[in-house]
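**Q** Dropping a prediction and its sequence here:
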Amino acid sequence: MLQNSRRFRYLCAALQSFHLNSSHITIRNGAKCTSAFQFQIRGKKDDSSISSLFIPVQVKSTPDDINVGEELTGTLNKSDLLKVLNKFYQNREIKHLLMENGLDNYLQHQAYVSFRRFCLEAQNLPVDIHVVFSDILQGAGNETDLFPYFLRHAKLMFPHLDCMDDLRKISDLRSPANWYPQARAMNRKVIFHAGPTNSGKTYHALERFLTAKSGVYCGPLKLLANEVFNKCNTRGTPCDLVTGEERSYADPAGNPSGHVSCTVEMTSLSNPYEVAIIDEIQMIKDPQRGWAWTRALLGIMAEEIHLCGEAGAVDLVRQLTLTTGEDLEVRHYKRLTSLKVEDSALGSLDNVLPGDCIVCFSKNDIYSVSRTIEASGREVAVIYGGLPPGTKLAQAAKFNDPDSSCKILVATDAIGMGLNLSIRRMIFYSLIKPIMNEKGEKEMDTISVSSALQIAGRAGRYGTQWETGYVTTFKPEDLKTLKVLLSSQPEPITQAGLHPTADQIELYAYHLPNSTLSNLMQILII
Ligand SMILES: Nc1ncnc2c1ncn2[C@@H]1O[C@H](COP(=O)(O)OP(=O)(O)OP(=O)(O)O)[C@@H](O)[C@H]1O
């Protein structure tokens, strides 16, 4: 049986991310369990700090009118009681026993301070404790006889001690495939469309989606969900749109359609579909959002699941489908248009040409770049994450329209995933981007190979007026780094995000009724 503190480490690790490993879970402190996943702990927490998340319940004495203990065995001297209590607390065997009952040093100390106060400050001690103290003081007992009473007190203070086994079971996150019994009861087929950007992966998955009786498209961005929603309805397949911000029905009367396009976090796991598409599956590794891809992959109730994304995610998906017992078919694609890295950097915004997109990683850069270009009399479309979806779509449409006078786009990497924009040349204004590190802290770092390829891949999109895409940097000193990034293979994906289900959180709350929601979340997530 895992120790209390270790169990929590293991839960926390599982909540943050799980790492692929052929045969075992390795917890950093060395404990090993059999499974297909390797868990990693983010943000070190020692035992006591995890225990400190359990907020103690105050134990009050409820004295009877008559002091039965005193009537039976006489008055107790408080300083004698203190000596017995100190001896009890210093006893090594007692410490060991308490540890076995789930009280680590931190909880033992908390419980001891409270129990001592309870015994010394109570007007009338409960009769059983009074009698035990009396026996010990008269030599008819030993200080270890206090153990059951101390443990009873500790359990009143820390109710989780009474339901450790249940909590252990609830927080065993090693088999996420089993959390979705309805999906497990189906015979799902998983097809991975693997390839670089602009290779037709999503196109082929969508063709199947459009001919299905029902389907769900799960995308990484509201803009992409919108693009699929519009495409479906234009092609005569009624499709609804569900994102965190909006819900639109193809039917003006508001009746749900057989097809739905949604952002991945909004995916329904209770509706059965013929076909599901999970786009940009490599996002499964994302520390903040990856859980939504894992949940969709393991839980969607669809006969056919089409995954689109980088080939680097194939091995991880294969491991996941082994845990669900499902077949995986991999279809490989090649880029449909060529992409060339230019030999010189842009150097100045005066050199911007029609069809150029300048990608920036900060809003300040977006403002200064777009203002400078506009000041020279040229129209600019601007897209960044914080804009309302309607505005982003209008800006993308303005830039894509061959008859529009707006030929330049300034955007953040919000356009970096899957969007079909009519870009001739992608110009990286910088290669440094704020990222969230493993500890959840923000730091500045060079963009990853995967992001560089994704962003650059927006140029020379198949089916647009630009047959060939071009890429360069704004600063000459960045060009060499960009060339290295674009000639590298994306890092293999070895981890997937994981998050407990609402049912698991609810069960936790049921077992720890005195915990506030924020306290529960702290215990679960840290
Ligand atoms: N066989 C095809 N016939 C017509 N158009 C196609 C075909 N294959 C791809 N396209 C078009 O080419 C563009 C890029 O294709 P798609 O979006 O499927 O690429 P992708 O591999 O999913 O790229 P990304 O990873 O960047 O999303 C789209 O506009 C798509 O409609």
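**A** On my side now, so go ahead.
**Q** Could you use CA atoms for every contact and neighbour count after this?
**A** Noted.
**Q** What's the local residue count around Phe54?
**A** In terms of burial, Phe54 registers 20 neighbours under the definition other Cα atoms under 10 Å.
**Q** And what about it, helix, strand or coil?
**A** Phe54 falls in the coil class when you classify it by DSSP: H, G, I helix; E, B strand; the rest coil.
**Q** For the closest residue to it other than its chain neighbours, give me the pLDDT.
**A** Taking Cα to Cα, 6 or more residues apart in numbering, and ignoring the residues beside it in sequence, Phe54 has Phe158 as its nearest neighbour in space, at 7.1 Å. Confidence at Phe158, expressed as pLDDT, is 85.
**Q** Same question for Gly258.
**A** For Gly258, the pLDDT comes out at 96.
**Q** tell me which parts of this protein are close to the ligand?
**A** With the criterion set to Cα under 6 Å from any ligand atom, the chain comes near the ligand through 197-203, 418, 420, 461-463.
**Q** among those residues, which ones are buried?
**A** Buried members of the residues of the chain next to the ligand, scored by 16 or more other Cα atoms under 10 Å, are 197-202, 418, 420, 461-462.
**Q** buried ones in stretch 502-521?
**A** 504-505, 507-509, 511-512, 514-515, 520.
**Q** ah, wrong one, I meant stretch 92-110
**A** By neighbour count with 16+ other Cα under 10 Å, stretch 92-110 contains the buried residues 94-95, 98-99, 101-104, 107-108, 110.
**Q** Strands of the stretch 151-300 of the chain, residue ranges please.
**A** In the stretch 151-300 of the chain, the segments counted as strands under DSSP state E, counting those that start in this stretch are 189-194, 215-219, 239-242, 247-248, 259-263, 272-278.
**Q** Comparing those strands, which stretch has the densest surroundings?
**A** Per-residue neighbour counts averaged over each of those give the maximum for strand 215-219, namely a mean of 29 (mean count of other Cα atoms under 10 Å).
**Q** any chance you could map the helices in the stretch 301-450 of the chain?
**A** Listed in chain order, the helices found in the stretch 301-450 of the chain under DSSP state H, counting those that start in this stretch are 314-324, 363-375, 389-400, 449-456.
**Q** and the residue of the stretch 251-400 of the chain found nearest the ligand, bridged to which residues?
**A** With Cα to the nearest ligand atom as the measure, Gly309 is the residue of the stretch 251-400 of the chain nearest to the ligand, at 6.1 Å. Per DSSP bridges, residues listed as beta-bridge partners of Gly309: Ala194.
**Q** wait, what's in contact with it?
**A** Taking Cα atoms under 8 Å, 6 or more residues apart in numbering as the definition of contact, the neighbours of Gly309 are 192-196, 201, 279-282.
**Q** and it, how far is that from Asn420?
**A** 15 Å (Cα to Cα, to the nearest Å).
**Q** now swap in Asn519 and tell me
**A** With distances defined as Cα to Cα, the gap from Asn519 to Asn420 amounts to 44 Å.
**Q** Quick check: what element follows the longest helix seen in the chain along the chain?
**A** Using DSSP state H, we find that the single longest helix of the chain is helix 105-121. Past helix 105-121, further along toward the C-terminus, the next helix or strand under DSSP states H and E is helix 127-137.
**Q** Can you list the buried residues in that next one?
**A** 127, 129-137.
**Q** what sits against the residue nearest to Tyr333 when sequence neighbours are not counted?
**A** If the residues on either side of it in the chain are set aside, Tyr333 comes closest to Gly195, at 4.8 Å by Cα to Cα, 6+ apart. The contact partners of Gly195, taken as Cα under 8 Å, 6+ apart, are 201, 309-311, 332-335.
**Q** Dump these to a markdown table, plus pLDDT.
**A** Formatted as a markdown table, the entries for the contacts of Gly195 read as follows, by pLDDT from 0 to 100:
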| residue | pLDDT |
| --- | --- |
| Lys201 | 95 |
| Gly309 | 95 |
| Glu310 | 92 |
| Ala311 | 93 |
| His332 | 97 |
| Tyr333 | 96 |
| Lys334 | 94 |
| Arg335 | 91 |
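**Q** thought Gly460 was touching Val471?
**A** No - under the criterion of Cα atoms under 8 Å, Gly460 makes no contact with Val471, lying 9.6 Å away.
**Q** who touches both of those two?
**A** With Cα under 8 Å, 6+ apart, Gly460 and Val471 have common neighbours 339, 425.
**Q** wait, Cys308 sits on Pro196?
**A** No - contact between Cys308 and Pro196 fails when scored by Cα under 8 Å: they sit 10.1 Å apart.
**Q** So for these two, which residue has more residues nearby?
**A** Neighbour tally, Cys308 and Pro196, criterion other Cα under 10 Å: the higher count belongs to Cys308, 27 against 20.
**Q** give me the number of residues near Ser376?
**A** For Ser376, which is what you asked about, the neighbour count (other Cα under 10 Å) is 10.
**Q** Start at 24, not 1
**A** With the count now opening at 24, the last piece we talked about shows up as Ser399.
**Q** Pull up the gap between it and Ser393, please.
**A** In terms of Cα to Cα, Ser399 sits 10 Å off from Ser393.
**Q** Could you do Ile78 as well?
**A** Between Ile78 and Ser393 the distance, using Cα to Cα, works out to 52 Å.
**Q** Compare these two and say which is more crowded by neighbours.
**A** Higher neighbour count among Ile78 and Ser393: Ser393, with 22 against 14, using other Cα under 10 Å.
**Q** now the more buried one: how far from Gln418?
**A** Taking Cα to Cα, one finds Ser393 at 13 Å from Gln418.
**Q** got any residues that touch both of those two?
**A** Val405.
**Q** who touches the nearest residue to Val91 once chain neighbours are set aside in this structure?
**A** If the residues on either side of it in the chain are set aside, Val91 comes closest to Val150, at 6.0 Å by Cα to Cα, 6+ apart. Shown in contact with Val150 (Cα under 8 Å, 6+ apart): 90-92.
**Q** Strands - which of these land there?
**A** Secondary structure from DSSP state E places none of the contacts of Val150 in strands.
**Q** if we can go back for a sec, tell me which of the residues of the chain next to the ligand is nearest to Ser284?
**A** Using Cα to Cα, Thr225 comes nearest to Ser284 of these, at 13.3 Å.
**Q** Lowest average confidence across the strands of the stretch 174-323 of the chain, which one?
**A** Comparing mean pLDDT across these, the weakest is strand 270-271, with a mean of 92.
**Q** Which neighbours in the sheet does it have, and how are they oriented?
**A** Looking at strand 270-271 with DSSP bridges, its partner strands are strand 262-265 (antiparallel).
**Q** Restricting to C-alpha, output the strand it pairs with in PDB.
**A** What follows is strand 262-265, C-alpha atoms only, in PDB (Å, rounded to 0.1, in the frame of the first residue of the first chain):
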ATOM      1  CA  CYS A 262     -23.600  21.700 -38.700                       C
ATOM      2  CA  ASP A 263     -23.800  23.500 -35.400                       C
ATOM      3  CA  LEU A 264     -21.100  25.500 -33.700                       C
ATOM      4  CA  VAL A 265     -20.100  25.100 -30.000                       C
END
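**Q** ok, residues contacting it?
**A** Here strand 262-265 makes contact (Cα under 8 Å, 6+ apart) with 248-249, 252, 255-256, 270-273, 279-286, 289.
**Q** Let's see that with 10 Å instead.
**A** With contacts defined as Cα atoms under 10 Å, 6 or more residues apart in numbering, strand 262-265 is touched by 233, 237-241, 245, 248-256, 270-274, 277-291.
**Q** what's the answer for stretch 230-237, then?
**A** 225-226, 229, 238-240, 254-256, 258-262, 280-283, 295-300, 325, 327-329.
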